[in-house]
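**Q** based on what follows, work out the 3D shape:
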Amino acid sequence: MSLTEMVAGLLASFILTALLTGLIRFYALRRGLLDAPGARSSHSVPTPRGGGLAVAIVALGWILLHWLSDVAVSDLSGASNLVVVYVVAALVAAVGFWDDHGHVRSGVRLFVHLLAGVILVALLPRFQITFLNLDIGSGTFGFIVLTLVVAWYINLFNFMDGIDGIAAFEAMFVFGGYAWLAYWFGAPQLVSSALCVLASVAGFALWNFPRARIFMGDVGSGFLGTLIMGFLFVLSGIEKNLFWAGLLLSGVFIVDATLTLLHRLCRGEALYKAHRTHAYQYAARRYHSHALVTLTLMVINLLWLLPMAWVAATGLLPGWVVLLIGYAPLVLLAAVFHAGRAERA
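**A** Predicted coordinates:
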């Protein structure tokens, strides 16, 4: 693919997603698919949901075109792993679309997310990752750990989609980082796909930031969360240090969601009960601005986590050491903003 063709494709992805998001918003309004404000939400007016479906449609269309192109030249090596990732992401998105139209039992969602993890770990090339002499990339133990990582990440991406623009900007940052890493480590088939997702999410973001006129919904958060994990596994199969680099790119979401979960577990709260006790939600209420918090987190991503991800990717230090260094200030920041602390009555 030439540079001109890539730029044209990315521009088309951006425009198509923006147009589709508008159509889905009209559909959601007609069907009454609205998230009503309440004591556990961070918005003040009823807002349509499900806009992430546009991202899924455009991204799936992109990978389908590339897969058909590879089939035409009898070369599946570049796209086969990504096809697995996108098919699994489509499965998770389908359940999210169902949930956006009604209530799907938490057990069903968890089963699908675990199934997504099983499929990704089973079908994608295995990679060896060691942490304190524990192998978390291969063998039965590694299989279980990575499956749980996928299921947790899908859920945490949904949990973190709570203020205007935050999930869209995070996804654009992560896939931009993936494209950069893939380029430098010689994986061009990942570069164009990652940039396509970035462009598609940017088209959706026109409707979601600085004031959300439609939410991503479970269909979008599930799709993107699965893609982020799937791309991470494919990258890790190319260079094992990219596993740690990928976890650093997602550090803001991972740290806030995980610390919040641990605090809620300690209080014995139901994990799927709606709440607004993440650090970013407390920050948005303290400063009375979704946009300020979202943009601040992007500054942290660009000025801190992106350089740390590069250090991990190049192997200048052991990946897990860089991860601890990169996450340390995020843990402190989450504590400052009381991640997981029960709201005062």
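**Q** tell me where the stretch 1-150 of the chain has helices.
**A** Using DSSP state H, counting those that start in this stretch, the helices found in the stretch 1-150 of the chain span residues 3-31, 52-72, 80-101, 106-123, 139-159.
**Q** can you add mean pLDDT and give those back as JSON lines?
**A** Below are the helices of the stretch 1-150 of the chain laid out as JSON lines (pLDDT from 0 to 100):
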{"stretch": "helix 3-31", "mean pLDDT": "95"}
{"stretch": "helix 52-72", "mean pLDDT": "85"}
{"stretch": "helix 80-101", "mean pLDDT": "95"}
{"stretch": "helix 106-123", "mean pLDDT": "95"}
{"stretch": "helix 139-159", "mean pLDDT": "94"}
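**Q** quick one: which of these is nearest Ala199?
**A** Set against Ala199 and scored by C-beta to C-beta, the helices of the stretch 1-150 of the chain come closest in helix 3-31, at 4.2 Å. For the C-beta atoms, the positions are set from N, CA and C on the backbone; glycine is no exception.
**Q** please name the residues that touch the residue lying closest to Pro188 once chain neighbours are set aside.
**A** In space, not counting the residues next to it along the chain, Pro188 is nearest to Ala182; the distance is 7.3 Å by C-beta to C-beta, 6 or more residues apart in numbering. With contact taken as C-beta atoms under 8 Å, 6 or more residues apart in numbering, Ala182 is in contact with 188, 190-191, 194, 235, 238.
**Q** ok, Ser200 - contacts?
**A** When contacts are counted by C-beta under 8 Å, 6+ apart, Ser200 touches 13-14, 16-17, 54-55, 58-59, 62.
**Q** from the residues you listed, which two are the most distant?
**A** Farthest pair in those, by C-beta to C-beta: Ala54 and Trp62, 12.8 Å.
**Q** who's more crowded, those two?
**A** Shown here are Ala54 and Trp62; by other C-beta atoms under 10 Å, Ala54 has more neighbours (28 against 24).
**Q** what's the spacing between that one and Leu324?
**A** Distance, Ala54 to Leu324, using C-beta to C-beta, to the nearest Å: 38 Å.
**Q** ok, Leu123 next?
**A** 31 Å.
**Q** which of those two has more residues huddled nearby?
**A** The neighbour comparison of Leu123 against Leu324 (other C-beta under 10 Å) goes to Leu123, with 15 against 11.
**Q** and for the residue nearest to the more buried one when sequence neighbours are not counted, the neighbour number?
**A** Nearest in space to Leu123, with sequence neighbours left out and distances taken as C-beta to C-beta, 6+ apart, is Val84 at 4.9 Å. Counted with other C-beta under 10 Å, residues neighbouring Val84 total 18.
**Q** could you measure Val84 against Val55, distance?
**A** With C-beta to C-beta as the criterion, Val84 and Val55 are 19 Å apart.
**Q** show me the contacts for the residue sitting nearest the centre point of the chain.
**A** Most central in the chain under C-alpha atoms, centre = their mean is Gly225, positioned 3.5 Å from the mean C-alpha point. Residues counted as contacts of Gly225 (C-beta under 8 Å, 6+ apart) are 92, 153-158.
**Q** can you pick the most crowded of those?
**A** Most neighbours among the contacts of Gly225, by other C-beta under 10 Å: Ile154, with 30 neighbours.
**Q** ok, now which ones touch that residue?
**A** 92, 113, 116, 221-222, 225-226, 229 are the contacts of Ile154 under C-beta under 8 Å, 6+ apart.
**Q** out of the residues you listed, which end up buried?
**A** By neighbour count, with 16 or more other C-beta atoms under 10 Å, these hold 92, 113, 116, 221-222, 225-226, 229 as buried.
**Q** could I get these as a markdown table with distance to Gly162?
**A** Converted to a markdown table, the buried ones among the contacts of Ile154 look like this (distance: C-beta to C-beta, whole Å):
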| residue | distance to Gly162 |
| --- | --- |
| Val92 | 19 |
| His113 | 19 |
| Ala116 | 22 |
| Ser221 | 10 |
| Gly222 | 15 |
| Gly225 | 14 |
| Thr226 | 19 |
| Met229 | 20 |
